[in-house]
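S.K.: Next comes the sequence, and after it the predicted model I'd like to discuss.
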Amino acid sequence: MKYLLTGVAALALLTACGDKNKDENGAGQAVTEQSQGKLPGVKLRKGDAASASDVLSAFSLTQSGSGRVSFESSDVKGAKAVFKDVTLLASEDDSVEGMSLDDDDGELHLKGADLKAATMEFEGLGMIDGKPNFSRVVLSDVSFVPKNPEESQGTSEIKSMELVNPSPETAAWIASLFGKGEAMDMPEGKALAFDLWSMKDMNFQIDEQDGQKGAFLISSISVLGLKDEKMAQMALKGLTFDMTDPMDDTDVKARLGNVDIRGVNFGMFAEMSEDSGNGSAAGLFEMLQNDPANPGYDSIEINDLNIDVSGAAFDMPKLNSRVSRDKKGRAVKVVTDPFKMTLGTVEGELGEKLGSQLALLGYEKLELSGQGEQSYDPDKDMVTIAEGKNFWKLEDGFRVDFSGKYEGASAFAAAQATPVADDGPADPGAQMQEALQKMLIHNFRMSFDDNGFVDRAFNAYAAQSGQDPQQLRSQTAGMMAMAPMMAAGAGIDPELAGEAATALSSFLTDPKTLTITLAPAKPLRVAEFVEMEDPSALTKTALGFTAKNE
């Protein structure tokens, strides 16, 4: 049954969810739902009736069975063609173990199952720059049928699949999948492009021979405007996943209302996720130097995420993050709106284990919330972490707020890319050291507001070690009191060590809000702080260091 899950991604590049009803621009209904904000519209390219037959020939569709595609009937009118009762055969030399997206030869194959569709409709057939192409293809009422009936381990249905305005390279790849010869490698980089791809109403019912049972449902999934390795939008709606594995005694349930990601830098993620050659690595290196605050997207919206793994339950109602850019397209601010997430338990083996661990800290569940806002000045290479807008909070536990300002983000981001030099791989350690030399801290502030977490932590540790919580707290505070003497022996400023130890000891004894601040007279070079070659130079006054519990 694995082919039902892994095969979707391969076929996804052929098609997409959408109805035959077009909006005023000629695109499917799915586009109307997704055309919000700055999303581009989708308009079908005009076809060429005179060369439509040449395109059908290139796609092995002039006769049923002339390639891997067979059909009961066809109707060709001008630049349109409709095929009924269509079957796309899996390659004869493919095994029946399942679909694969990444074989050893790097090609995509439809393994073990034939694709069947009630209809396959092409619009806008015609030669584009002398190459066969089309403006739109839609497959309706799609299912997968195993070549070997004994290999059937479930059912799979997709209401509709659609692809709009593919690049010549993408169209050629699809033509090779339809033909009898060896399929081409899927296009990469800028060659992979289209205006819209989506699938609608995916329903996979899983019934494995080893006892695994479940369902995988998605209302719709789409990519809008893939061009020059950037996607205008990636969207998913209505995901449901239920899986039971008796071999591992595991139950997995997941629900996701929707995901909407815009302005995705597909090329950036591709280069980060694979071993890049000199050219692509150098390109990534340059991009991160010039645009270090770029997270690789313009905005992310996630709604109603719920995951339950054998009783360990995670819930996140909403997450929104967005990026502001300057006139040159560089990211200058990343804002994450306030969000909440919960980790709790329901009936199940892992839920019982998690529940016992939470009980040690006195919790029935963990409720975590947060917020983020960082701005970047490209001219000064300066990152500002906004005060009051960056925090993590554990309900009935603590709240951590942090803010600050530092420069040198471009060198640090570029070092993380680890580019490949002409004479071989660069030394990532040396790159990071150079980046730390360029990174300067202007100021930093962190506050830890206790709301019972310190008491819970001491009680939990004492219960496991068999000690008295108050005695353990006193011992720990006493160790903090000895820290200045130890620090003095290492050459650390006694005034700095004393203030830090006093604040920590006070916090452990009577936790309130522990605040640590760095406001150096001149920017602090991170490399000097990390190397600590002369700790005596890092004085309380030089660092602008303060620590207090109040």
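M.R.: It's in. Numbering: from 1, shown residues only.

S.K.: what's the average pLDDT for stretch 484-495?
M.R.: Averaged across stretch 484-495, the pLDDT comes to 76.

S.K.: Buried residues of that stretch, list them for me.
M.R.: The neighbour-count check on stretch 484-495 (16 or more other Cβ atoms under 10 Å) flags 484, 487, 492-493 as buried. Every residue, glycine included, has its C-beta placed from N, CA and C.

S.K.: Can I get that stretch as PDB, trimmed to CA atoms?
M.R.: The C-alpha coordinates for stretch 484-495 follow below in PDB (Å, rounded to 0.1, in the frame of the first residue of the first chain):
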ATOM      1  CA  PRO A 484      32.600  34.200  42.600                       C
ATOM      2  CA  MET A 485      35.700  32.500  44.300                       C
ATOM      3  CA  MET A 486      35.900  30.000  41.500                       C
ATOM      4  CA  ALA A 487      35.600  32.700  38.900                       C
ATOM      5  CA  ALA A 488      38.200  34.900  40.500                       C
ATOM      6  CA  GLY A 489      40.700  32.000  40.200                       C
ATOM      7  CA  ALA A 490      40.000  31.800  36.500                       C
ATOM      8  CA  GLY A 491      40.600  35.600  36.000                       C
ATOM      9  CA  ILE A 492      37.000  36.600  35.600                       C
ATOM     10  CA  ASP A 493      36.000  40.000  37.000                       C
ATOM     11  CA  PRO A 494      34.900  39.400  40.600                       C
ATOM     12  CA  GLU A 495      32.300  42.200  40.400                       C
END
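
S.K.: What is the distance between it and the centre of its chain?
M.R.: Distance of stretch 484-495 from the chain centroid (Cα atoms, centre = their mean, to the nearest Å) equals 45 Å.

S.K.: quick one on the thing from earlier: ok, of the buried residues of stretch 484-495, which one's closest to residue 462?
M.R.: For the buried residues of stretch 484-495, the residue nearest residue 462 by Cβ to Cβ is residue 484; the value is 26.5 Å.

S.K.: Could you look up the SS state of the closest one?
M.R.: The three-state assignment at residue 484 reads helix, by DSSP: H, G, I helix; E, B strand; the rest coil.

S.K.: Hmm, residue 498 and it touching each other?
M.R.: Yes. Between residue 484 and residue 498 there is a contact at 4.6 Å, judged by Cβ atoms under 8 Å.

S.K.: This structure: helices as residue ranges?
M.R.: 2-12, 29-34, 52-58, 168-178, 266-273, 278-290, 349-360, 409-417, 428-438, 453-465, 469-489, 494-509, 526-531, 540-543 (DSSP state H).

S.K.: circling back to that earlier point, in CSV, list the buried residues of stretch 484-495 along with distance to residue 381.
M.R.: Putting these into CSV (distance: Cβ to Cβ, whole Å) gives the following:
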residue, distance to residue 381
484, 37
487, 33
492, 30
493, 30
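
S.K.: rewinding a little: out of the helices of the chain, nearest to residue 142?
M.R.: Closest to residue 142 of the helices of the chain is helix 2-12 (Cβ to Cβ; 8.1 Å).

S.K.: Just the mean pLDDT for that closest one, thanks.
M.R.: The average pLDDT for helix 2-12 rounds to 37.

S.K.: now stretch 382-401
M.R.: 96.

S.K.: So which bits of that stretch are buried?
M.R.: 382-386, 390-391, 393-395, 397-399, 401.

S.K.: And the contacts of that stretch?
M.R.: Here stretch 382-401 makes contact (Cβ atoms under 8 Å, 6 or more residues apart in numbering) with 293, 363, 366-377, 402-407, 409, 442, 445-453, 456.

S.K.: So which of these sit within strands?
M.R.: Judged by DSSP state E, the contacts of stretch 382-401 include 366-377, 402-407, 442, 445-450 as members of strands.

S.K.: Low-confidence regions, the stretch 201-350 of the chain specifically.
M.R.: Along the stretch 201-350 of the chain, segments meeting pLDDT under 70 span 268-288.

S.K.: so where do the strands sit in it?
M.R.: 213-227, 230-245, 250-265, 299-309, 312-325, 331-345 (DSSP state E, counting those that start in this stretch).

S.K.: Give the pairing partners of the third one; include direction for each.
M.R.: Using DSSP bridges, the strands paired with strand 250-265 in its sheet are strand 230-245 (antiparallel), strand 299-309 (antiparallel).

S.K.: Taking strand 312-325 as reference, get the angle to it.
M.R.: Counting by axes from the mean of the first three to the mean of the last three Cα atoms, to 10 degrees, strand 250-265 lies at 0 degrees to strand 312-325.

S.K.: Name the residues of strand 250-265 that come out as buried.
M.R.: Using 16+ other Cβ under 10 Å as the burial criterion, the residues of strand 250-265 that qualify are 251, 253-265.
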